[in-house]
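Peer 1: Compute the structure for the input listed below.
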Amino acid sequence: MDETISLANDPASLAKAQPKAGNKRKRQIVTAACERCRARRSKCDGLRPQCTKCTAADAECVYTVPVSQTRHDVSKARLEKMKEDFELMREVLDLLRSSNTTAAEQLLDRMRDSEDSLAFARTYASQRSSSSLHSRELLTHEPPGPRRRHDSTYSSHFGSQSPSALVSAPSMHFEPSLPEREPSVVRPSELPAHLDIPAEHNYRDAISSFHECSGKLFQVCDEDEIEASFDHVFHNPDGNPPSAISLCRLSALAAVGCLYMKGKRGDELKHTFYHVAKSLLDSCIETDPLISSTFCTLVSMYNIMSRATVALVYIELGIRLCRRFQIHTVCRPPTLSEERWKSGKRAWRTLIFFGAWISATIGYLSPDEWDIPGEGSFTVVERSAGADLEEMVQIEMVKIAVLKRNILHINMASPRLAANTIKTVKKDLDRWYDELPPIMHLFNLTKKDNSSTVSTELRRTIYFVHLLYLGALILLNRRVVIQSSPTELNDELSICSGVSVDKLADDSAVAAEQSARILGLLFDEGGGFERCWIVIFQAYSAGIILLHRFVQDNLQAPPSYVRNGDNLGCIDKCMRVLSHCGSVDPVAGKFEKTLGPFYATLRAAYDKPSSRLVSDLKKTEAELYRLADGIGVALHSQVDWVGSDKSTSDP
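Peer 2: Numbers count the residues shown, from 1 in each chain. Have a look, this model is predicted:
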């Protein structure tokens, strides 16, 4: 103790006691200790093949970590290897699940013959990767990049499949029934056994159902093309074999059409039609990539209606094909005819709409922007001026779908929206509505003198466009109202745009009332198809807002009096829609089951007011407010995208 004190008090002694800087011994860095030193928890100098302590103890010295690597590096490499093996095995299982019976049996036989299932998966993946190289180069003109890792963020929405795992394979190596190469013409007598072609009347019935029930946006094939395809496949007087393109076109249309057909007939035929279309798609891509983008549109639509996440792959595949021909640009390339340009544009817009719809439904953020042009983060700038009415409607429907997708994304991205963001999004929605062609305004649409100008089919599609717009207003307004205290939010909004929270709540109620009236018009015209998600989701959103407004209005009324019967009439329309769609679609059934008790309570209070009215309404208001808070994520929690074919819905 005394020596320490004396050294501290004597600078000369302290300097003498300190070793010179040049003679200071550097600390040796050991990347990994041997197993014996690790077990004894003693310091190891890392010498190889034996460390100093093991040499002194004449003990065996074992290193489990390679030279120049740390134990962390080894663990990380082992984890990466396990992830790769997991992806390989999952790919094989997905192949077994999605392939037809013949292909699945062949795959199982090969797996049984192998000694190790994991080694088989590696070999099989390697073979498929090399065999699909040609298709991948055809699509991208780039060498295939590294496979993306599984993103667990979206695992709850995708079941065992992630978006990154799906979209990393534009060449569709996950589809066992897609041949690597197939001739562009196929003779029916030479088709493989698993490509049974149904009779012509089955094709015609299914395609007729497609045209009757789907909106104008999804009708990407001209009637002349369809009839020419029928002639090539079933009425060829020269006896020439039908082209794969004609057969794929008819099969893809018929597959989607079967999903609209009622009864068992559609269920029995849809798999056959889909299998034929899917099996011919590769050869069609090699023969005519631009026309094949149309087939990708139909195949993705089939998978969307079947809630199969593989739809994402076909969407991005189709967009890549369109990009090769600069379909996403404003000006038509001189090498492309006007007819092919318009056909490609129809397919591209529909693919963009599908991508936006899936993104809004399951919260999937694509690493690819899907060629969406924009001025800032929230706008789509393709103009409908100069386009014919049908093209005009398609353009506006895509634009509002993208705007709605962006609102849902910013809802998920941040628990709180800045006032400037709110102002920007509201400005984009207002601009979209202000630039809407006059013939698409509801007031002009319902005029009798417009009945000859706008067909019934196109008018229904315009109704869908307005439902998307009203749904976007409800989402934005509800988000602003519930994100913070009214006083704090009112201060922010008044500085930015002079909008009050009360006005936003009123705007939501007005949008909900208009939605209910449009839904009533659709169903009165026979356009309320059970599988339409635009209708289902808007009926649910509007129903919540209207129920909540009904409760708020009547909390201010006398205890023995219930008012706002008009509001209740709009709620009736929403519940009628959910009941009608719920007979076929399970999501609509869930929504009806959620709102049913509230509707029954309010209907009973309206018919027979009681002294307990106020207490009942207060309890109902709190529960409805919670539901209104979750409108933006309702589909995320209710829709089960598992890649199965248990049920179907369409956008």
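Peer 1: In a strand, Ser42, correct?
Peer 2: No: per DSSP: H, G, I helix; E, B strand; the rest coil, Ser42 lies outside any strand segment and is coil.
Peer 1: hang on, it packs against Lys53?
Peer 2: Yes: using C-beta atoms under 8 Å, Ser42 is in contact with Lys53, at 6.4 Å. Backbone N, C-alpha and C define where each C-beta goes, glycine included.
Peer 1: If you count surrounding residues, which of those two has more?
Peer 2: Lys53 (19 against 11; other C-beta atoms under 10 Å).
Peer 1: That one: which element?
Peer 2: Taking DSSP states H and E as the criterion, Lys53 maps to helix 52-56.
Peer 1: Which other helices and strands does the helix or strand immediately after that helix in the chain contact?
Peer 2: Using DSSP H and E, the helix or strand that follows helix 52-56 towards the C-terminus is helix 71-98. For helix 71-98, the contact count by 3 or more C-beta pairs under 8 Å, 6 or more residues apart in numbering; DSSP states H and E identifies helix 101-113, helix 117-131 as packing neighbours.
Peer 1: Now do the buried residues in the first one.
Peer 2: When you say that, I think you mean helix 101-113. Buried residues in helix 101-113, counted by 16 or more other C-beta atoms under 10 Å: Ala103, Ala104, Leu107.
Peer 1: pLDDT averaged over the helix or strand that contains Tyr302, what's the number?
Peer 2: According to DSSP H and E, Tyr302 maps onto helix 289-305. Helix 289-305 carries an average pLDDT of 92.
Peer 1: Only C-alpha atoms, please: export whichever strand or helix holds Lys503 in PDB.
Peer 2: Using DSSP H and E, Lys503 sits within helix 501-524. Written as PDB, here are the backbone C-alpha positions of helix 501-524 (Å, rounded to 0.1, in the frame of the first residue of the first chain):
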ATOM      1  CA  VAL A 501     -61.700  17.000 -37.200                       C
ATOM      2  CA  ASP A 502     -65.500  17.400 -37.100                       C
ATOM      3  CA  LYS A 503     -65.600  18.100 -40.800                       C
ATOM      4  CA  LEU A 504     -63.500  15.000 -41.600                       C
ATOM      5  CA  ALA A 505     -65.900  12.900 -39.500                       C
ATOM      6  CA  ASP A 506     -68.800  14.400 -41.400                       C
ATOM      7  CA  ASP A 507     -67.100  13.800 -44.700                       C
ATOM      8  CA  SER A 508     -66.600  10.100 -43.800                       C
ATOM      9  CA  ALA A 509     -70.300   9.800 -43.000                       C
ATOM     10  CA  VAL A 510     -71.300  11.500 -46.400                       C
ATOM     11  CA  ALA A 511     -68.900   9.100 -48.200                       C
ATOM     12  CA  ALA A 512     -70.500   6.200 -46.500                       C
ATOM     13  CA  GLU A 513     -74.000   7.300 -47.400                       C
ATOM     14  CA  GLN A 514     -73.000   7.700 -51.000                       C
ATOM     15  CA  SER A 515     -71.300   4.300 -51.000                       C
ATOM     16  CA  ALA A 516     -74.500   2.700 -49.700                       C
ATOM     17  CA  ARG A 517     -76.600   4.400 -52.400                       C
ATOM     18  CA  ILE A 518     -74.200   3.200 -55.100                       C
ATOM     19  CA  LEU A 519     -74.300  -0.300 -53.800                       C
ATOM     20  CA  GLY A 520     -78.100  -0.100 -53.900                       C
ATOM     21  CA  LEU A 521     -77.900   1.000 -57.600                       C
ATOM     22  CA  LEU A 522     -75.600  -1.800 -58.400                       C
ATOM     23  CA  PHE A 523     -77.800  -4.500 -56.900                       C
ATOM     24  CA  ASP A 524     -81.000  -3.000 -58.400                       C
END
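Peer 1: After it, heading C-terminal, what element do we hit next?
Peer 2: Later in the chain than helix 501-524, the nearest helix or strand by DSSP H and E is helix 533-555.
Peer 1: mind giving me the domain split of the chain?
Peer 2: What automatic domain parsing lists as the domains of the chain is 2-56, 76-131, 386-527, 534-638.
Peer 1: Going by mean pLDDT, which of those comes out lowest?
Peer 2: Mean pLDDT values for the domains of the chain show the minimum at domain 2-56, a mean of 66.
Peer 1: before we move on, back to that, what angle do helix 533-555 and the helix holding Tyr302 make with each other?
Peer 2: 40 degrees (axes from the mean of the first three to the mean of the last three C-alpha atoms, to 10 degrees).
Peer 1: Which positions within helix 289-305 qualify as buried?
Peer 2: By 16+ other C-beta under 10 Å, the buried positions in helix 289-305 come out as 289-305.
Peer 1: same thing with stretch 30-38?
Peer 2: Under the neighbour-count criterion of 16+ other C-beta under 10 Å, stretch 30-38 has Ala32, Ala33, Cys34, Glu35, Arg36, Cys37 buried.
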